[in-house]
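Visitor: what would the 3D arrangement of this be:
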Amino acid sequence: MTNPRSAVERSRPSRPPVSGIVRRFLIWAQRAGAIERADAASALARAYLHADMTAAMREDCAVALATLLDDPCVGVRRALAEAFAGTPRAPRVLVVALANDRSEVAAPLLARSPLLTDAELIDCAAAGDALAQCTVARRPSLAAGPAAALAEVGARDAALALIANPGAVLTPGSFSRLIERFGGDGEFLQALAARTDLPAQIEAEIAIATARGPRGTSEGAPSERGARDAALAAIAARRPEDELPELVRMLKGRGALTMALILRSLLGGERRLLAAALAELSGLPRGRVAGFLRDPDGPGFAAAATKAGLPRHALPAFRAALKAIAVRGAREDRRLNSDLVGAVISACEAERDPALAPFLAFLWRLAAESTRADARAKTRAGSNRPAMTPSLDFAPANDGAAADGVAPPVELPADLVLALAAA
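Guide: Residues are numbered from 1 along each chain as shown. Presented below is the predicted three-dimensional model:
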């Protein structure tokens, strides 16, 4: 009687036996040490990539290489990864398996394998440790998808590696997420600010985060708010006009679109931020608002400013600034202009309106800041004498005591003594 089971087994296609090459390799691998197996793995991988083999021999070689995926020695698997890292001719299935191994093994492939897709890099970044994430972050050309994954879940070191990689494609959303996660880290913000591809709103986010007070808010000392507003005004001044509406919306959402910022920008000779702010806050078309700015004494400007929320008693300051810009022009660097500040102070004082007192206090602070900056710039420009310091900061030696506890005398130059005596 025929055995049914035997008949079924005979009907199945027979599996090819393990080739002699693979069998001999496996027997050898069981007796060889870890260093020998690593050397053999590297040699076998190079043979697969470069040797002139028949199709059958190449298939046998691939089987032997696949057995090394289970080798308990990290160095053996690392040798395979290094051999396959830079070539598109490697067996893709082995590359994927090694890329999902522990980070010491996967690193060469994560760094440069052309066979790994963006989706696979995202998975490796999400599941990997800091070493794996840093390796992905440093890939010479990193697409937006893996970069976004690292921005979302990457460790701090991986985030630093990501923003230091000029070949990483970072979207505004990725930049924003990085600031959300690491905005309290001064070193991170400094590194992020060094990138040359930052959108205007991200530059502004960095300026706001850098100027945050000790409790993580934007309410700091006047000098801190002034530094923040100076940075924001400079960002607005160097950005093209079509980027300003988005910047204004971001500043509005962060509570940083203040009259102090707008007036500071205006006193640097920059009218575009005021125009964008009035258009955003009033809902009027930008072109129409720009026309109103050319006639600051006209009813159109007053109506647009009032609709935007500017108090009426503030209008003299803005009108005076716009008229002063029309007469005096603006600096190329858009820094605070002492002449413009002085003109606005004179106009506000002439109003004799007590409601302008806060504005005048703010304007005098700007006047002091502008005067100090001008003095520093002139000192730098005329500093051909080695004894002259490049700024108004006093040298520590002038305030500290000498080694014997007595401060050394500092003598005035003779010509200055004569001038003071004559006065």
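Visitor: state the distance from residue 314 to residue 271.
Guide: To residue 271, residue 314 is 16 Å away according to C-beta to C-beta, to the nearest Å. C-beta here means a position set from N, CA and C on the backbone, and glycine is covered the same way.
Visitor: I meant residue 295, not that one.
Guide: Distance, residue 295 to residue 271, using C-beta to C-beta: 13 Å.
Visitor: those two: which is more packed in?
Guide: Each of residue 295 and residue 271 has its neighbours counted (other C-beta atoms under 10 Å); residue 271 has more, 18 against 12.
Visitor: list the contacts of the more buried one.
Guide: Residue 271 makes contact with 293, 322, 325 under the criterion C-beta atoms under 8 Å, 6 or more residues apart in numbering.
Visitor: alpha carbons of the helix or strand that contains the last one, as CSV, please.
Guide: Counting by DSSP states H and E, the secondary-structure element that holds residue 325 is helix 315-328. Taking Å, rounded to 0.1, in the frame of the first residue of the first chain, the C-alpha atoms of helix 315-328 are listed here in CSV:
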residue,chain,number,x,y,z
LEU,A,315,0.7,109.2,16.1
PRO,A,316,3.0,112.3,16.5
ALA,A,317,5.9,110.0,17.1
PHE,A,318,5.3,107.9,14.0
ARG,A,319,4.5,110.9,11.8
ALA,A,320,7.7,112.6,12.9
ALA,A,321,9.7,109.5,12.1
LEU,A,322,8.2,109.1,8.7
LYS,A,323,8.7,112.8,7.8
ALA,A,324,12.3,112.7,9.1
ILE,A,325,13.1,109.6,7.0
ALA,A,326,11.7,111.5,3.9
VAL,A,327,14.1,114.4,4.6
ARG,A,328,17.2,112.7,6.0
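Visitor: mean confidence score for whichever helix or strand comes after it?
Guide: Sequence-wise, the next helix or strand downstream of helix 315-328 (DSSP H and E) is helix 338-351. Helix 338-351 carries an average pLDDT of 91.
Visitor: packing partners for helix 338-351?
Guide: With contacts taken as 3 or more C-beta pairs under 8 Å, 6 or more residues apart in numbering; DSSP states H and E, helix 338-351 sits against helix 315-328, helix 357-381.
Visitor: what does the shortest one rub up against?
Guide: Translated: helix 315-328. 263, 266-267, 269, 271, 274, 293, 296-297, 301-302, 305, 310, 337, 339-340, 343-344, 346-348, 351, 353, 356, 359, 363.
Visitor: pLDDT weak spots in the stretch 251-400 of the chain?
Guide: Low-confidence segments of the stretch 251-400 of the chain, defined by pLDDT under 70: 330-334, 381-400.
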